[in-house]
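Participant: No letters, just coordinates:
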């Protein structure tokens, strides 16, 4: 599976309410690319996932993806 496929599956997982699967896919995609456009897409999906979860443990996973996507090439989103 390539990064674009991971991102596509993560988007679908988020839409289906499967945040843990989405975070796993995005975390994998995050470390497989340095493409700024893909990192922006990962960052945006991570922000959506972060906003959807209520559990602290899951928020920490999304925080990690947000932080790492910023460090790997995106600009902070707000």
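Facilitator: The structure has been received and is ready for your questions. The structure presented is a predicted model; accordingly, all values stated were derived computationally and were not measured.
Participant: For residue 48, which residues are in contact?
Facilitator: Contacts for residue 48 (Cβ atoms under 8 Å, 6 or more residues apart in numbering) come out as residue 14. The way it works is simple: take the backbone N, C-alpha and C, and place the C-beta from them, glycine included.
Participant: how about 10 Å then?
Facilitator: By Cβ atoms under 10 Å, 6 or more residues apart in numbering, the residues touching residue 48 are 10-11, 14-15, 19, 22, 62.
Participant: Quick check: PyMOL command selecting the buried ones in these.
Facilitator: Applied in PyMOL, the following selects the buried portion of these according to 16 or more other Cβ atoms under 10 Å:
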select buried, resi 10+11+14+19+22+62
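Participant: Export the contacts of residue 48 to TSV and append columns for secondary structure, pLDDT and distance to residue 32.
Facilitator: Formatted as TSV, the contacts of residue 48 follow (DSSP: H, G, I helix; E, B strand; the rest coil; pLDDT from 0 to 100; distance: Cβ to Cβ, whole Å):
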residue	secondary structure	pLDDT	distance to residue 32
10	helix	97	13
11	helix	97	16
14	helix	95	19
15	helix	95	22
19	helix	91	20
22	helix	95	16
62	helix	89	18
